[in-house]
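Visitor: Build me a model from this:
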Amino acid sequence: MKLTEEGRYFIELANNIVKAYDEALDKMRIFRNGFSDDLKIGILYYAINQYLTPVLDKFKITYPNINISIFPSYPIPVIENLLNGLCDVGMILNTRFKGHERFEFQTIRREFLFVAMRYDHHLNKMEGVQLKDIFEETFIDIDDFFFNSYSHYIYLLFHKYNLHIKKSILTNNLESAILAAQSGEGIIILPSQLVDVHFSNIVYLPIMDEACYIDMSIAYKPENENTAIYPFIDLCVKTFS
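Guide: Below you'll find the predicted structure:
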């Protein structure tokens, strides 16, 4: 049996119709669910275990057609990737950093604050501290636009209690700040997500004052049309609430 020219044309046409139908079904499935095929997530590298691991498997099971790309980094690259459109969402502390007005923020957890100090610091035997116990200590700050906003947030907490930090030193990055604390040059106030990171010669004490917390949030640009953003945020809120 030999196909005629018309028969070959008919089979080619039928194959194209089936292919187009399958593609249309795939697109309709995406439109019906309201989700894009890709979601790019920026996150603080030291927050992955606390904030991404608990939701990632659940999200992949619920939305198997969404491809997830993870970009762990320091705070500034996370923010820059969001601003430049290289990430759809960023899991980051809400410190009102430079450029924050371009984002929407959804709080997913309230983090308590801890004091990090050298193991032989005179306060290290206490089970916890209050701000009045530490305001006269030397504070170790980090000099970049994210941590400047973080330090400003911390200093405002002291102001709420009519306390004023008198001494501080500046370091270039988080690692330098930890080294300064390890050598006994001062103390650092850190969010709980960093308490799980082991640094030698460092002990952590919780700050017991009621207002001493900071919000961990998901940031995204409101003009981003990737609708996979919203189910991801919803799952995070449900997981951490």
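Visitor: How is this structure divided into domains?
Guide: Residue ranges for the structural domains of the chain, counted by automatic domain parsing, are given in the record as 39-109+215-240, 111-213.
Visitor: Tell me which other helices or strands the strand ranked longest in the chain touches.
Guide: Longest among the strand segments of the chain by residue count, using DSSP state E, is strand 104-118. Taking 3 or more C-beta pairs under 8 Å, 6 or more residues apart in numbering; DSSP states H and E as the contact definition, the neighbouring helices and strands of strand 104-118 are helix 174-182, strand 188-191, strand 202-206, strand 213-220, helix 229-240. C-beta coordinates here come from the backbone N, C-alpha and C atoms, glycine included.
Visitor: Following it in sequence, what is the next regular element?
Guide: From strand 104-118 onward toward the C-terminus, using DSSP states H and E, the following helix or strand is helix 131-134.
Visitor: Which residues does that following helix contact?
Guide: The contact list for helix 131-134, computed with C-beta atoms under 8 Å, 6 or more residues apart in numbering, reads V115, L123, M126, L157, F158, Y161, L163, I187, I207, D209, C212.
Visitor: in a helix, that's where the fourth one is, yeah?
Guide: Translated: L157. Yes. The assignment for L157, made by DSSP: H, G, I helix; E, B strand; the rest coil, places it in a helix.
Visitor: Setting the sequence-adjacent residues aside, check what's closest to P72.
Guide: Once its chain neighbours are removed from consideration, P72 has its nearest residue in Y45; the separation is 4.0 Å (C-beta to C-beta, 6 or more residues apart in numbering).
Visitor: what's the neighbour count on that neighbour?
Guide: Number of residues near Y45 (other C-beta atoms under 10 Å) recorded here: 13.
Visitor: quick one, phi/psi of it?
Guide: For Y45, the backbone dihedrals (degrees, to the nearest 10) come out as phi -60, psi -30.
Visitor: show me the residues around it that make contact.
Guide: Neighbour list for Y45: P72, S73, Y74 [criterion: C-beta under 8 Å, 6+ apart].
Visitor: before we move on, the earlier item: any chance of JSON lines for the domains of the chain, columns mean pLDDT?
Guide: Rendered in JSON lines, the data for the domains of the chain read as follows (pLDDT from 0 to 100):
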{"stretch": "domain 39-109+215-240", "mean pLDDT": "94"}
{"stretch": "domain 111-213", "mean pLDDT": "94"}
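Visitor: For the residue nearest the centre of the chain, which residues are in contact?
Guide: Centroid-nearest residue in the chain: M91, 2.0 Å away (criterion: C-alpha atoms, centre = their mean). Residues near M91 by C-beta under 8 Å, 6+ apart: 41-44, 47, 51-52, 78, 108, 216-219, 236.
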